[in-house]
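Asker: Could you work out the structure for the sequence below:
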Amino acid sequence: MWNTEDIQLLRGGLAQSIYRRFFQCTAWLLYGIARGCHFFKLHYNAEYNQMEEMQYHHITTKLVVTVKFVFVLLDIQSFIVLGIVVWFHIFRVEDSGGQNYLIGLLVQGLIISDLCRILIFLHSNDDRMLLKHVINEIFYITRIIKNKFGIIYHCELGLLCVYFCKLYLAYIMLDGMWYHFTFFWINFIYWVLFEYCILGYFIYQLTLLNWYRNFSYFLQRFVEYNSNQSFISARYHRRLLWLFKLHLRINNLHKFVQERAAWLPAAIYLTIFTSIFNMTLLLECVIYAADEIDDKIYIIAYGCLGPVFIPILNVFILGICTDRIRSEELTMQQQIVLVNVLYVRKAFPHDAALKVLSNEHTSLIVHQKLEPLLNVIILHTICDREFAFDYVLTVIVTALSFVQYTVSTHRVYDVCMTHK
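Answerer: Numbers count the residues shown, from 1 in each chain. So this is what the prediction gives:
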């Protein structure tokens with residue numbers, strides 16, 4: 001039924017090969033960047049298929065730390081000048097000019113704050129233990145699924161397309177930022193490291209979906225196969241028990257990640273200020289500026305298109321993942337009910353396996369209803385597609401309010417000066 005010809009046939013297709021390569025290449029990319037930049041200080045042990053702590057050579061470590069400090073300290077003079085300008089600006093500029101300036105300062109403050117948290121995450125001992133535990137759990141669960149059920153790789157094409165569109169926008173934004181006359185290394189490093197962390201979290205979400213789809217496929221094949229059998233053999237009992245154990249382990253893993261890495265979804269949410277600020281500039285440029293259309297397109301594409309839509313797409317991707325996980329859990333609940341019905345019909349009345357598995361069925365369904373596998377973004381708010389649409393609406397309405405205030409103070413630019 002599984003780990004046989006049908007599984008081998010499904011795993012041998014072109015799509016399976018592409019999905020498997022995608023997971024492997026992305027994992028090696030994340031690992032390679034971490035090793036090259038001396039993040040986490042973790043080493044992959046191929047023999048035991050797990051992550052282990054390691055120590056770099058002390059001279060190499062000192063050189064890498066020096067390079068990192070140089071990149072961060074390159075902007076120190078600019079920020080000292082910025083502090084002096086802020087002091088003058090608070091007392092001299094009023095109306096919408098002061099509003100835009102203060103919002104820009106708020107965005108810059110959030111960038112510095114999030115960058116500090118990202119740097120702590122990439123280098124601290126506690127976060128290294130967190131990542132080591134999460135990765136080793138992923139290796140263990142994937143290995144058990146592969147050995148007990150046979151693993152089938154799957155990625156939703158639409159979700160991947162949205163993510164790659166976001167990466168393209170990030171590339172355009174970083175390219176425009178590199179050649180901007182107010183280039184800040186801190187901002188550039190922030191967006192690069194932020195995208196690195198989000199990529200890891202995105203792969204984690206895809207892994208969760210992949211596990212659940214494999215469970216659903218197993219339960220579907222279980223029902224189809226045993227519907228025509230006179231009894232259910234002991235090897236199926238053992239595999240069902242493994243499924244329940246793995247499901248509990250996955251829930252514990254996700255709860256652990258939500259508690260210990262809550263700063264990342266919160267940082268994703270707080271980029272709403274970046275999106276609002278740049279959407280305000282975009283609307284002012286599109287509606288009121290008198291530049292040529294080609295100049296407008298260039299200025300918008302390299303000035304604010306990325307900062308407007310990247311935060312929105314990050315929340316939208318997280319919302320899609322939540323909805324997909326919720327859908328897979330509902331499918332599992334329905335399949336488990338069918339499996340329970342089969343056991344009642346096929347198993348012997350006094351069979352101990354029937355009692356054990358019936359209790360496991362009930363416990364799993366109750367657990368799924370009480371503690372479903374969802375993504376919390378900030379203040380215990382579930383990030384699904386409904387929340388993502390509210391997020392977009394908030395950005396648009398707030399940006400329009402800022403534009404309205406700018407117009408009311410008669411301070412509309414004739415050209416897209418803000419982006420040049």
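Asker: Just after the helix or strand of the chain with the lowest mean pLDDT, pick out the following helix or strand.
Answerer: The helix or strand of the chain with the lowest confidence, counting by mean pLDDT, DSSP states H and E, is helix 5-11 at a mean of 53. Along the chain past helix 5-11, the next helix or strand (assigned with DSSP states H and E) turns out to be helix 14-36.
Asker: mean confidence for that next one?
Answerer: Averaging pLDDT along helix 14-36 gives 86.
Asker: Next, the buried residues of it.
Answerer: For helix 14-36, the buried set under the neighbour-count rule, 16 or more other Cβ atoms under 10 Å, comprises Gln16, Tyr19, Arg20, Phe23, Ala27, Leu30, Tyr31, Ala34, Arg35. All C-beta atoms are positioned from the backbone trio N, CA, C, and that covers glycine.
Asker: what does stretch 321-341 give?
Answerer: Of the residues in stretch 321-341, those with enough neighbours to count as buried (16+ other Cβ under 10 Å) are 321-326, 328-329, 331-332, 335-336, 339-340.
Asker: Would you mind giving those as CSV with pLDDT added?
Answerer: As requested, the buried residues of stretch 321-341 are arranged in CSV below (pLDDT from 0 to 100):
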residue, pLDDT
Cys321, 92
Thr322, 92
Asp323, 91
Arg324, 91
Ile325, 90
Arg326, 88
Glu328, 88
Glu329, 84
Thr331, 86
Met332, 83
Gln335, 83
Ile336, 81
Val339, 79
Asn340, 75
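Asker: which one of those residues sits closest to Tyr236?
Answerer: Checking the buried residues of stretch 321-341 against Tyr236 with Cβ to Cβ, the nearest one is Val339 at 9.4 Å.
Asker: Could you pull up the residues touching that closest one?
Answerer: If a contact means Cβ atoms under 8 Å, 6 or more residues apart in numbering, then Val339 has Leu219, Phe222, Val223, Leu240, His361 as its contacts.
Asker: could you say which helix or strand contains the third one?
Answerer: Spelled out, it's Val223. Using DSSP H and E, Val223 maps to helix 185-226.
Asker: And the next helix or strand past that helix?
Answerer: Tracing the chain past helix 185-226, the next element assigned as helix or strand by DSSP H and E is helix 234-260.
Asker: From the contact counts, what lies against that following helix?
Answerer: In terms of contacts (3 or more Cβ pairs under 8 Å, 6 or more residues apart in numbering; DSSP states H and E), helix 234-260 is packed against helix 125-148, helix 185-226, helix 352-370.
Asker: What's the mean pLDDT across that helix?
Answerer: Averaged over helix 234-260, pLDDT sits at 85.
Asker: And stretch 296-307, by the same measure?
Answerer: Per-residue scores along stretch 296-307 average to 79.
Asker: what comes up buried for it?
Answerer: Neighbour-count burial for stretch 296-307, with 16+ other Cβ under 10 Å as criterion, is recorded at Lys296, Tyr298, Ile299, Ile300, Ala301, Tyr302, Gly303, Cys304, Leu305, Gly306, Pro307.
Asker: nearest to Leu208, of those?
Answerer: Distance from Leu208 was checked for each of the buried residues of stretch 296-307 by Cβ to Cβ. The minimum falls on Gly306, at 27.8 Å.
Asker: Can you tell me the SS state at the residue lying closest to that closest one once chain neighbours are set aside?
Answerer: If you skip the residues right next to it in sequence, Gly306 has Met173 as its closest partner in space, 2.7 Å away by Cβ to Cβ, 6 or more residues apart in numbering. Taking DSSP: H, G, I helix; E, B strand; the rest coil as the rule, one finds Met173 in the helix state.
Asker: now Leu167, nearest residue through space, not along the chain?
Answerer: Excluding its sequence neighbours, the residue lying closest to Leu167 (Cβ to Cβ, 6+ apart) is Glu195, at 7.5 Å.
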